[in-house]
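Asker: Got a predicted structure here, sequence first:
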Amino acid sequence: MQTYVNPLCGGQDPYFMKGPDGLYYSVFNGGNAGSSLFVAVSPRLSEPGVAHRVWTAVDGQWNSANIWAPEIHYLRGKYYIYYTSAVMDCGVPGWATRRLGVLEAENPLGPYKDMGRLELGEEMSIDGTVLEAPDGKLYFVYMRNLRFDDSLNTLCIAPMESPTRISGKPVLLTYPQYPWEEYVNEGPEALIHDGKIMIVYSAHAAHTPEYCLALLVCENPQDMLNPASWKKYDVPSFKKGNGVIGPGHASMTVSPDGTTPYLVYHCKSNDNSHFGVMGSMFRMICVQPFGWNEDGTPDFGEPLPLGNPLPLPEGEKEDEKGTFLENAIRTDNHLLISHSAREYLNIVEDVLYLDGTFRPEYGCKAVITGLCWDDADLSVDLRMPAGECAGLMLRARNVGARKFLMEGYVAAVSPRFGLEILRLDGGSDPVRLAYAPLRKLHGDWLTLKVSMQGNAITASVDDVTIAIQDDTYASGRIGMVADGDLGWFKNLHVEAK
């Protein structure tokens, strides 16, 4: 039985939407200083999707850089991306310049039209989302900072006349009141269940282990713009546990068959909680099911331990057997997904560039989605400018966004060991099963060839060949990996025996 593990990939502020076509869409930027937006599409909830660049900002505009927390929504027959951006050269601290904008498209992968900035006033505004009420009315919910500092991070709600226009003055909905909220209310997301209208939001600070989820419930849907209509719970709804720290900024969706609700959230990848220090904001995306309390509110439970195999969401299909791929690495990518610190892959002129140095604790992995092989022949052209090792993942499963989280084999080239075959057993250091020196390595393009037949795996580069026999893993996915280094790949061919 196929399973998956958390974390799925690196990233922050995840928003997963199940579209009207039954596919899952997520959206993210090219890093906190990035000016592009990517939409990933997948038939699966249990893994990242294939990412496509859908929009790049025009230089010199208010939204030309520093894009944060994008979300994709399907509203009134069109697709909308809401995002935070900032002008960083306007003479005031960058935080104070953050505002919210919206893009519009007929299709989820674009092209998107810039519909401008949402008119919400001159206070710093981030983390915008749309609440579509059961009666069809639209409301915009977001975080507003009233003083351009961290002392009044509040949630506000405003009416919308359309998905791109605010139609009334924003109203203060909630502000930090409890010690566990510290000074932050942010990342609001709408949740509607059996007619009950709720907002799940994040509290405390995202760089700390205490970052958590909290709940607002609307008790008078006829007057949603009245703060008195909302009940605020005095305890977190989801907080750190089972080794998972800083869980927050979540979105909610359902399994492919529509029967089970799922929580998509980010957590910290390390315990560095000093704001502004390198690594303090490194985060990973996780997905897990949740239930409902008797009063109709969500029962998120506790974070499930990272690395533990989880059953696929109900209605999600297992991998099909792969047969033949002439070249799986193409600039117009439709096969490869990223299990690494970044949610997208850098493929230029049919060359895949993996950067394992960006956040070494993740490793950097690109996997062929939806297909698995047992016996197969494969080859790839590989260049490794620097680092530990880079190569092919074989019979891989439970890949996850951690360095050694996957199970399966790796055939790789390494400055230290030359050509090698490793076995990874899910969380432990790899077992080196065979290796042999190579006469050329750094800066050279090499052709790595692998043959898998039963329990025998053979790998070769030029006239150097190594072979193993190991019965641990009989079938799984194929992909590429860069461990603590740069790996360049092209011409990946796979043929089942």
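Answerer: That came through, no problem.

Asker: which residue ranges form the strands in the stretch 101-250 of the chain?
Answerer: Here the stretch 101-250 of the chain has its strands, by DSSP state E, counting those that start in this stretch, at 113-117, 124-132, 138-145, 153-162, 165-166, 171-174, 185-193, 196-203, 212-218, 230-232, 248-254.

Asker: Tabulate those in JSON lines, adding columns for distance to E316 and mean pLDDT.
Answerer: C-beta coordinates here come from the backbone N, C-alpha and C atoms, glycine included. Shown next, in JSON lines, are these (distance: least, Cβ to Cβ, whole Å; pLDDT from 0 to 100):
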{"stretch": "strand 113-117", "distance to E316": "33", "mean pLDDT": "96"}
{"stretch": "strand 124-132", "distance to E316": "26", "mean pLDDT": "95"}
{"stretch": "strand 138-145", "distance to E316": "30", "mean pLDDT": "96"}
{"stretch": "strand 153-162", "distance to E316": "33", "mean pLDDT": "96"}
{"stretch": "strand 165-166", "distance to E316": "37", "mean pLDDT": "98"}
{"stretch": "strand 171-174", "distance to E316": "35", "mean pLDDT": "94"}
{"stretch": "strand 185-193", "distance to E316": "22", "mean pLDDT": "97"}
{"stretch": "strand 196-203", "distance to E316": "24", "mean pLDDT": "98"}
{"stretch": "strand 212-218", "distance to E316": "24", "mean pLDDT": "98"}
{"stretch": "strand 230-232", "distance to E316": "35", "mean pLDDT": "97"}
{"stretch": "strand 248-254", "distance to E316": "11", "mean pLDDT": "98"}
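
Asker: Need those in CSV (columns: distance to I285).
Answerer: Below are those laid out as CSV (distance: least, Cβ to Cβ, whole Å):
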stretch, distance to I285
strand 113-117, 27
strand 124-132, 16
strand 138-145, 20
strand 153-162, 23
strand 165-166, 30
strand 171-174, 26
strand 185-193, 14
strand 196-203, 14
strand 212-218, 15
strand 230-232, 27
strand 248-254, 10
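
Asker: Q2 is nearest to which of these?
Answerer: The closest of the strands of the stretch 101-250 of the chain to Q2 is strand 248-254. By Cβ to Cβ, the value is 19.7 Å.

Asker: thinking again about what came up before, out of the strands of the stretch 101-250 of the chain, which comes closest to K240?
Answerer: Using Cβ to Cβ, these put strand 212-218 closest to K240, at 7.2 Å.

Asker: Residues contacting that closest one, please?
Answerer: Residues from elsewhere that reach strand 212-218, judged by Cβ atoms under 8 Å, 6 or more residues apart in numbering: 155, 173-174, 180-181, 185, 196-204, 224, 229-233, 236-240, 247-248, 250, 265, 297-298, 300.

Asker: Separate out the buried members of the residues you listed.
Answerer: The neighbour count (16 or more other Cβ atoms under 10 Å) marks 155, 173-174, 181, 185, 196-204, 224, 229-230, 232, 236-240, 247-248, 250, 265, 297-298, 300 as buried among these.

Asker: Find me the pLDDT at I329, would you?
Answerer: Reported pLDDT at I329 in the predicted model: 98.

Asker: same deal with the one 3 residues further on?
Answerer: D332 carries a pLDDT value of 95.

Asker: and if you look at the one 10 residues further on?
Answerer: Reading off the confidence values, R342 has pLDDT 84.

Asker: Next, count neighbours for it.
Answerer: Per other Cβ atoms under 10 Å, the neighbour tally for R342 reads 22.

Asker: I'd guessed it sits against L354; true?
Answerer: No. If you go by Cβ atoms under 8 Å, R342 and L354 don't touch, sitting 9.6 Å apart.

Asker: per-domain residue ranges of this protein.
Answerer: Residue ranges for the domains of the chain, per automatic domain parsing: 3-311, 320-496.

Asker: Skip the chain neighbours and tell me the closest residue to L371.
Answerer: G322 (3.7 Å; Cβ to Cβ, 6 or more residues apart in numbering).

Asker: so what secondary structure elements neighbour the helix or strand where D381 lies?
Answerer: In this structure, D381 sits in strand 376-386 according to DSSP states H and E. Helices and strands touching strand 376-386, by 3 or more Cβ pairs under 8 Å, 6 or more residues apart in numbering; DSSP states H and E, are strand 389-397, strand 445-453, strand 477-483, strand 486-496.

Asker: From what I see, N107 and Y79 are in contact.
Answerer: Yes. Assessed by Cβ under 8 Å, N107 is found in contact with Y79 at 6.7 Å.

Asker: okay, those two: which has more neighbours?
Answerer: Y79 (25 against 11).

Asker: can you tell me how far that one sits from E71?
Answerer: From Y79 over to E71 the distance is 11 Å, taken as Cβ to Cβ, to the nearest Å.

Asker: okay, and the common contacts of those two?
Answerer: Joint contacts of Y79 and E71 (Cβ under 8 Å, 6+ apart) do not exist.

Asker: Return the angle between stretch directions for the strand holding D381 and strand 486-496.
Answerer: 180 degrees (axes from the mean of the first three to the mean of the last three Cα atoms, to 10 degrees).

Asker: List the contacts of strand 376-386.
Answerer: For strand 376-386, contacts defined as Cβ under 8 Å, 6+ apart pick out 322, 390-392, 413, 415, 441-452, 478, 480, 482, 485-497.

Asker: swap the cut-off to 6 Å and go again
Answerer: 390, 445-452, 485-497 (Cβ atoms under 6 Å, 6 or more residues apart in numbering).

Asker: now swap in stretch 40-57 and tell me
Answerer: 4, 8-9, 23-26, 35-39, 63-64, 103, 109-110, 112, 312-313, 316, 334, 337-338, 344.
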